[in-house]
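Asks: Quick check, what structure comes out for this input:
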Amino acid sequence: MKIHIQQLDNTYSDQLIDLILNIQQKEFNVPITIEDQPDLKQIESFYMEPGGNFWGAFIDGELVGSIALVKFDERAGAVRKMFVKKEFRGKELNIAQELLEVLVSFCQKNEIDSIYLGTVHILKAAIRFYERNHFVQVEKENLPGFFPLMNADNVFYYLNLKQIKAV
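Replies: The predicted structure follows:
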């Protein structure tokens, strides 16, 4: 299976909504709706215009994973919408790792040297993944003032890209 990662724009909103809501609601029972995530219908204005981006991983034309960066400060961004379809997870395909590397590379090219993220404590595999990738847990009250909080998130991480070699 060949993985193709590309930048996404508003034309991919419906595919993204389908991918993300299925994982959030059906797999993990997170009480979140599309109304709670209007950014998924405004990819270009919400992510790209402020200096972030949105990427998707495709296998045979099917969207199987996503990751996004919200730039919220001059040199800082937040990882958002990191999802991989259940049947495509794991080290064999390494989709999450490839998506994260695309995001880190984008940050390095665009002088973003601090990335933060919020997740939910029940997402144990996601937490292990972030920790393997050198993210350090940070208390909510220690997040930057402009960090875009999501209501569901209760575990937060930080990665200093100045300490990571260029990807």
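
Asks: what does the biggest helix by length in the chain rub up against?
Replies: Using DSSP state H, we find that the single longest helix of the chain is helix 95-109. Residues outside helix 95-109 that contact it (CB atoms under 8 Å, 6 or more residues apart in numbering) are 3, 5, 53, 55, 57, 64-67, 69, 77, 79, 82, 84, 88-89, 112-113, 115, 129, 133, 161, 164, 166-167. For every residue, glycine as well, the C-beta is placed using N, CA and C.

Asks: Name the strands paired with the helix or strand following it and say parallel or antiparallel.
Replies: Sequence order places strand 114-119 as the next helix or strand after helix 95-109, per DSSP states H and E. Within its sheet, and counting by DSSP bridges, strand 114-119 is paired with strand 76-84 (parallel), strand 155-160 (antiparallel).

Asks: could you give the angle of the longest one to helix 95-109?
Replies: For strand 76-84 against helix 95-109, the angle between stretch directions is 160 degrees (axes from the mean of the first three to the mean of the last three CA atoms, to 10 degrees).

Asks: picking up where we left off before, redo the strands paired with strand 114-119 as TSV? Include mean neighbour count and distance to residue 14.
Replies: Supplementary listing: the strands paired with strand 114-119 in TSV, determined by neighbours: other CB atoms under 10 Å; distance: least, CB to CB, whole Å:
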stretch	mean neighbour count	distance to residue 14
strand 76-84	24	14
strand 155-160	18	29
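
Asks: Which one, of those, ends up nearest to residue 140?
Replies: In terms of CB to CB, the element of the strands paired with strand 114-119 nearest to residue 140 is strand 155-160, at 5.7 Å.

Asks: pull the CA atoms of that closest one into CSV?
Replies: Written as CSV, here are the backbone C-alpha positions of strand 155-160 (Å, rounded to 0.1, in the frame of the first residue of the first chain):
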residue,chain,number,x,y,z
VAL,A,155,-4.1,16.4,28.5
PHE,A,156,-1.6,18.8,26.9
TYR,A,157,1.8,18.5,25.3
TYR,A,158,4.6,20.7,24.1
LEU,A,159,7.5,20.1,21.6
ASN,A,160,10.4,22.5,21.3
